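1. Kindly generate the corresponding structure for this input.
(chains A and B)
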Protein chains: 2
Amino acid sequence: MKAEILSVGTEILLGDIINTNAHYLSKELALLGISVYRQTTVGDNEERLLDAIRSALKDCDMIVATGGLGPTTDDITKETAAKALGKDLYIHEPSLARIKGYFRDSARAMTAGNEKQALFPKDAYILENDNGTAPGCIMTNEKGQSIIVLPGPPKEMVPMFENKVKPYLEKYLDSTIISKSLKVIGLGEWDMASRVRDIITDSENPTVAPYAKDFESLLRVTAKAEDETSCRALIDPVVAKIKERIGEYIYGEDDDTIEKVVGELLIRNNLKFACAESVTGGMIASRMLSYEGGMSRVFDEAFVTYSNESKTRYLGVEEGILKRHGAVSEETCHAMAKGLLENTGASVGLVTTGIAGPEGGSPEKPVGLVYIGVNMKGTIKVFRHVFPGDRNRIRSRATVSALGHLRTELAKSLY
Amino acid sequence: MKAEILSVGTEILLGDIINTNAHYLSKELALLGISVYRQTTVGDNEERLLDAIRSALKDCDMIVATGGLGPTTDDITKETAAKALGKDLYIHEPSLARIKGYFRDSARAMTAGNEKQALFPKDAYILENDNGTAPGCIMTNEKGQSIIVLPGPPKEMVPMFENKVKPYLEKYLDSTIISKSLKVIGLGEWDMASRVRDIITDSENPTVAPYAKDFESLLRVTAKAEDETSCRALIDPVVAKIKERIGEYIYGEDDDTIEKVVGELLIRNNLKFACAESVTGGMIASRMLSYEGGMSRVFDEAFVTYSNESKTRYLGVEEGILKRHGAVSEETCHAMAKGLLENTGASVGLVTTGIAGPEGGSPEKPVGLVYIGVNMKGTIKVFRHVFPGDRNRIRSRATVSALGHLRTELAKSLY
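-> Residues are numbered from 1 along each chain as shown, chains lettered A, B, ... in the order given. Next up, the predicted model:
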């Protein structure tokens, strides 16, 4: 089943608003197993809108249109969709009554334009609007193609889709789609995909697709079947195969975030955590504390030790080490990790030191060089990386990588 | 002049990412006086992409395409655009050399796919990519229609449009467009706009438009004239009028960021800075250190003092104050700001304490309550806010607000 998402509104073409509706609908339709063939945005112009509808009906089974249901003469989506399907419009009395009630309740004056909002083809399926005056509708032609017409404001459109359109479509499609995402740190998208290339290529149901986002990678496994159990039965063996190959890099699934996974490991095992950041300068602490599941039980304090003196003062790094090896070195990183636990009494420590640039690089120590230290109750490991990108990409990559290493070491030491 | 914006990427049709490129380009093209006829999004599929390009060439003078310039076989935008225009592709040696250089500098292995990124029609106008491997290009057919092909990642696309495409289009359009953005912290978009409503309404050239982004507001003043001097002459008096009204909230212009403005004030005046964060937990330090202009000269150290004990240990906050007033109180905030400078020897200090939620709120101290303390060489001011939103929106708003207060206090004490 193929759909086109049709956004109607000159304000989108002018760049005045961002088209979040197309994003929301794409995601929701994908979850329903309806493949979005194209997204199109046109202005409030009858000729162009008619063109767009006719072109979509050539390629798709369904059009989901948003916007242009308001009371003004500019609002022509419903009228134009009816025209494209050769249908006339009539006042739908229950909708008119609802609109009148809406104005009565809010003590505002109803205009003639609002009456227009109750006009529908006789055979349309009406979608009541619980958050505004404009009802939506679903119109179907003799070939079984449908045009779903929804209001533009997301606060009206989203609940209407969720509560009225989705149940309609699920009944109509008579099938279930389930996805599982495997979340990966430590392998780039390309690297991850090439390790499971044959699984990606050979899988049709479920499908397997790689993505990259915010310096992480993910593999999404999506099955379509008559019910959830059957979907899971298709997904599970493929997930198992993927885990055999790259399991050590998979930190979580679906809505897991690295800070949530690490945070929960710390909290569940009652392990006090501390960090000392040089190159990442607060990013790790900030990311850990973005997890809302009660970090105060394991997180007391953290340091940004940007200068050499602060590394000595708060982490006890010997001046000799800094002098001999430099602030960005395996030795300094090791000493930071050691001093961090000694000085704070935490059980688990994470430290970073590196060169984010743009200045400060050299042939031996290029911009992007980062040392990450993990201290698990006195057992210290130091990891060396050279990250590409500009200053803040390097810092963000270092943050994700550091949390990934911490997760791996925590998992190893706890199981 | 009519343009179509063509976004290419299956990830957009799946709803995995939101199409901010179409929004950015619509706004920028509108400012250049190019009217956007339609926005279309298609997947990485040659047939559909070819259809979309041919359909756009029927209606428009120009296509601005983003996405599909990567190294994989899925990336086919440039190839398909060239096919639609009947052009062959050849290795463009300067681009190949740049790509090779990029990999040499980042010490990573170049793949055969990366070589493909240097393929272009012989008569294409090449757009160098300063932020990634994929160059863009402008291809033109015999009718004078052009296809502008840009990379998908906004970090690469936006600077390429700004620095390479805009000057090209301005030359082509034979007029100059200049914008000046006034950046505001401390007034929401609505509040800002209502204070200058008459200026916004009365201005046609330059136009004045309000925006909100990342918990800041901005006013963009845009003039169109035959040259830069004439544009500036139109812009300057309007900017002066705006500054009379809301000057105290304007922290900078155009590419200024709050961390850059604050960082430069500190560096220029040789003021050592330190911060101690509870509710913002590293966000302020991280943001300050994202400025690449030599923060190491003024930034030695920072603390995340999440627990009560850490506020006492590193900032000398008396246990009695914490007990009597609580960690989230004007008194604790004041004591944190005082102890921070005493313990670090810095000249300028910034501290935060608050309730980000979701737990921990009460009728007297609701979720969103944040105290921000600024200590300028011993003179302490504490600001109280109640920010709306979820945990991380509260933390982000508190960070922007804290840096805004710091900027205001620095500016006051220095001039």
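
2. Show me what the longest helix anywhere in chain A is packed up against.
-> In chain A, with assignment by DSSP state H, the single longest helix is helix A:391-414. Contacts defined by 3 or more Cβ pairs under 8 Å, 6 or more residues apart in numbering or on different chains; DSSP states H and E place helix A:391-414 against helix A:258-268, helix A:283-289, strand A:348-354, strand A:369-376, strand A:379-386. Bear in mind the C-beta positions are built from the backbone N, C-alpha and C, glycine included.

3. could you measure the residue of chain A positioned farthest from its centre against A:Thr312, distance?
-> The centre of chain A is farthest from one residue, A:Gly320, which by Cα atoms, centre = their mean lies 46.3 Å away. Distance, A:Gly320 to A:Thr312, by Cβ to Cβ, to the nearest Å: 10 Å.

4. same question, A:Thr80
-> 72 Å.

5. and those two? which has more neighbours close in?
-> Shown here are A:Thr80 and A:Thr312; by other Cβ atoms under 10 Å in any protein chain shown, A:Thr80 has more neighbours (23 against 17).

6. thinking that one is in contact with A:Arg48, fair?
-> No: with contact defined as Cβ atoms under 8 Å, A:Thr80 does not reach A:Arg48; the gap is 9.6 Å.

7. Can you report how many residues neighbour A:Ala302?
-> Around A:Ala302 there are 32 other residues, counting by other Cβ under 10 Å.

8. Report the distance from the longest helix of chain A to the chain centre.
-> Put simply, helix A:391-414 sits 20 Å off its chain's centre (Cα atoms, centre = their mean, to the nearest Å).

9. now that helix against strand A:379-386, angle please.
-> Put simply, helix A:391-414 runs at 150 degrees to strand A:379-386, going by axes from the mean of the first three to the mean of the last three Cα atoms, to 10 degrees.

10. Over helix A:391-414, what's the mean pLDDT, rounded is fine.
-> Average pLDDT, helix A:391-414: 95.

11. Pull that helix out as CSV, backbone CA atoms only.
-> Provided in CSV are the C-alpha atoms of helix A:391-414 (Å, rounded to 0.1, in the frame of the first residue of the first chain):
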residue,chain,number,x,y,z
ARG,A,391,35.8,21.1,17.5
ASN,A,392,32.3,20.4,18.6
ARG,A,393,31.9,17.2,16.5
ILE,A,394,35.0,15.9,18.1
ARG,A,395,33.7,16.7,21.5
SER,A,396,30.3,15.1,20.8
ARG,A,397,31.9,12.0,19.3
ALA,A,398,34.2,11.7,22.4
THR,A,399,31.2,12.0,24.7
VAL,A,400,29.3,9.2,22.9
SER,A,401,32.4,7.1,22.7
ALA,A,402,33.2,7.6,26.4
LEU,A,403,29.7,6.5,27.4
GLY,A,404,30.0,3.5,25.1
HIS,A,405,33.3,2.4,26.7
LEU,A,406,31.8,2.9,30.2
ARG,A,407,28.8,0.8,29.3
THR,A,408,31.0,-2.0,27.9
GLU,A,409,33.2,-2.0,31.0
LEU,A,410,30.2,-1.9,33.4
ALA,A,411,28.6,-4.8,31.5
LYS,A,412,31.7,-6.8,31.6
SER,A,413,32.4,-6.3,35.3
LEU,A,414,28.8,-6.9,36.3
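
12. can you count the residues close to the closest residue to A:Gly373 other than its chain neighbours?
-> Leaving out its chain neighbours, the residue that sits closest to A:Gly373 by Cβ to Cβ, 6 or more residues apart in numbering or on different chains is A:Ala337, at 3.5 Å. Applying other Cβ under 10 Å, we find 29 residues neighbouring A:Ala337.

13. Give me the phi and psi for A:Ala337.
-> Torsion angles at A:Ala337 (phi, psi; degrees, to the nearest 10) stand at phi -60, psi -40.

14. which ones are touching it?
-> A:Ala337 is in contact with A:Gly349, A:Leu350, A:Val351, A:Gly373, A:Val374, A:Asn375, A:Ile380, A:Val382, counting by Cβ atoms under 8 Å, 6 or more residues apart in numbering or on different chains.

15. Phi first, then psi, for A:Thr344.
-> phi -110, psi -20.

16. That one contacts A:Asp300, correct?
-> Yes: between A:Thr344 and A:Asp300 a contact is recorded at 7.2 Å, counting by Cβ under 8 Å.

17. For the stretch 151-300 of chain A, which segments count as helices?
-> For the stretch 151-300 of chain A, the helices defined by DSSP state H, counting those that start in this stretch cover A:154-160, A:166-173, A:189-195, A:197-202, A:228-246, A:258-268, A:283-289.

18. would you say A:Gly389 is within a strand?
-> No: assessed by DSSP: H, G, I helix; E, B strand; the rest coil, A:Gly389 does not belong to a strand; its assignment is coil.

19. I'd like the distance from A:Gly152 to chain B, if you could.
-> As judged by Cβ to the nearest Cβ, to the nearest Å, A:Gly152 and chain B stand 15 Å apart.

20. Which residue is the nearest non-sequential neighbour of that residue?
-> A:Gly67 (3.3 Å).

21. again with A:Arg232
-> A:Ile178 (6.7 Å).

22. Show the contacting residues for that neighbour.
-> Residues in contact with A:Ile178, defined by Cβ under 8 Å, 6+ apart, are A:Thr222, A:Ala223, A:Glu228, A:Cys231, A:Arg232, A:Ile235.

23. Specify the beta-bridge partners of it.
-> Applying DSSP bridges to A:Ile178 gives these bridge partners: A:Ala223.

24. As CSV, could you dump the C-alpha coordinates of stretch A:89-97?
-> Presented in CSV, the C-alpha positions along stretch A:89-97 are these (Å, rounded to 0.1, in the frame of the first residue of the first chain):
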residue,chain,number,x,y,z
LEU,A,89,-20.4,19.0,-1.2
TYR,A,90,-23.3,19.2,1.1
ILE,A,91,-23.8,20.5,4.7
HIS,A,92,-23.1,17.7,7.1
GLU,A,93,-25.6,18.6,9.8
PRO,A,94,-23.9,16.9,12.8
SER,A,95,-20.7,18.7,12.0
LEU,A,96,-22.5,22.0,11.6
ALA,A,97,-24.1,21.4,15.0
